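Novice: any chance you can model this:
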Amino acid sequence: MVAIPTEPKPDPPPMPLANMINRVGASEDAMIPYRAQYAFRKTVTVEEFNESGKSIGKFTYTTESAVGPDGKSYERATKRPDNSLNVLNLEPEDLGVLGKIPPLPFTSTQLEHYDITYFGTEKLDELDTYIFRLKPKQVERQHAYFDGVIWVDAQDFVVVKSAGHWVTELGDLDTVNFPFKFFETYRENVEGKVWFSDYLRSDGSITTKKGYTRLRLIVKWDNFKPHPASTAPTSQP
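Specialist: Residues are numbered from 1 along each chain as shown. Next up is the predicted model:
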C-alpha cells in the first residue's frame, strides 16, 4: 500500500492549477457515455491470512454486467460465491459497500466538492503523471467522498490511479463484515482514450478471541466489450 503524502513536491505545476483541474474533470466527463456502452466482468476476492502470513480462507464472487428489460444495466452473479473464510462473516450483500464508490469519481461536478493541491510529478510504469491531493470540503451522511491522492496522465489528463479513503460524516466507508478502509485503484486503457478501473486492492484486519487475522481485498474488472447494439443501455445506471 502507498502512503498519502503530506507535503507537496517542490516542482511547480506546468500550468495554472485551475486549468489542470478543469482538464481532469473534462477527461472524466468524456468517459461517462462509454461507461454505459461497455459490458464487463467483475471478480471480488477476499482472503484471510494468519499471523505468519499463511492463507487460511478465501471468498470469491464473480458478476457480469447485463442489460435489463428497462434498458438499464446491472450486475448479475455468474454463480454462487466460493467461500472458505474462517473468520470473516462475508456474504454477497456485504459487497454493497463497493457500490457506494462511484465508477467515475472525479467528474467536473464532483471535483467542485474538493480542496485540491498539486503534489508534483511521478513516473507510473511508462506514464508520466501529475499527482493531486484531494480532500473533501465537507462530508455528508449519505454520500461518500474521496480523501486521498490521484495520479493523472500528463498527456491526456486522464486519471490512471487513485489511493485513499472513502469517507462520510460517520467516518470511513466500511462495515463490521467489510473492514476495509484504504483503497488503491488502477485503471486500464480499454480503447483509445477510454480508461476504466481494472484493479482495486485494500488490506484490512480483524481481531477475534482466536487472534489476529489479516485480510486482503482484490477486485478485478476484465472482459470489457461493447454491448450489442440491440441491448445497449438507454441511460447511465
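
Novice: poorly predicted segments of this protein, please.
Specialist: When residues are selected by pLDDT under 70, those of the chain lie in 1-8, 10, 71, 229-237.

Novice: how about 50 then?
Specialist: Applying pLDDT under 50 to the chain flags the ranges 235-237.

Novice: now do the strands in it.
Specialist: Assigned by DSSP state E, the chain shows strands spanning 38-49, 55-67, 73-77, 82-83, 114-124, 127-136, 145-153, 159-168, 171-172, 182-191, 194-208, 211-226.

Novice: for the first one, buried residues please.
Specialist: When you say that, I think you mean strand 38-49. Within strand 38-49, the residues that count as buried by 16 or more other CB atoms under 10 Å are 38, 39, 40, 41, 42, 44, 46, 47, 48, 49. In short, each C-beta sits where N, CA and C put it, glycine included.

Novice: just the closest of these to residue 208, please.
Specialist: Set against residue 208, the nearest of the buried residues of strand 38-49 by CB to CB is residue 48 (11.1 Å).

Novice: that closest one reaches residue 56, doesn't it?
Specialist: Yes - the pair residue 48 and residue 56 passes the contact test of CB atoms under 8 Å, sitting 5.0 Å apart.

Novice: pull up the overlap in contacts between those two.
Specialist: Common contacts of residue 48 and residue 56, defined by CB atoms under 8 Å, 6 or more residues apart in numbering, comprise 86, 87, 213.

Novice: phi first, then psi, for the spatially closest residue to residue 138 that is not a sequence neighbour.
Specialist: What sits nearest to residue 138 in space, not counting adjacent residues and going by CB to CB, 6 or more residues apart in numbering, is residue 113, at 7.8 Å. Recorded main-chain torsions at residue 113 are phi -90, psi 10, according to degrees, to the nearest 10.

Novice: wait, residue 113 sits on residue 136?
Specialist: Yes - proximity of residue 113 to residue 136 meets the contact threshold set by CB under 8 Å, at 5.9 Å.

Novice: list residues touching both of those two?
Specialist: In contact with both residue 113 and residue 136: residue 145, using CB under 8 Å, 6+ apart.

Novice: okay, the buried residues of strand 38-49 in a markdown table with distance to residue 100 next?
Specialist: Written out in a markdown table, the entries for those read as follows (distance: CB to CB, whole Å):
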| residue | distance to residue 100 |
| --- | --- |
| 38 | 21 |
| 39 | 22 |
| 40 | 19 |
| 41 | 21 |
| 42 | 15 |
| 44 | 14 |
| 46 | 17 |
| 47 | 22 |
| 48 | 24 |
| 49 | 26 |
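
Novice: among those residues, which one sits closest to residue 75?
Specialist: Of all these, the one sitting nearest residue 75 is residue 42; the distance, using CB to CB, is 6.6 Å.

Novice: how close does that closest one get to residue 130?
Specialist: Residue 42 sits 29 Å away from residue 130, going by CB to CB, to the nearest Å.

Novice: please name the bridge partners of the residue positioned nearest the centre of the chain.
Specialist: The centroid of the chain falls nearest to residue 185 when counting by CA atoms, centre = their mean (4.9 Å). For residue 185, the beta-bridge assignment (DSSP bridges) gives partners residue 162, residue 200.

Novice: same thing with the one 4 residues further on?
Specialist: In this structure, residue 189 has beta-bridge partners residue 195, where bridges are defined by DSSP bridges.

Novice: quick one: it and residue 195 touch, right?
Specialist: Yes - counting by CB under 8 Å, residue 189 touches residue 195, with 5.6 Å between them.
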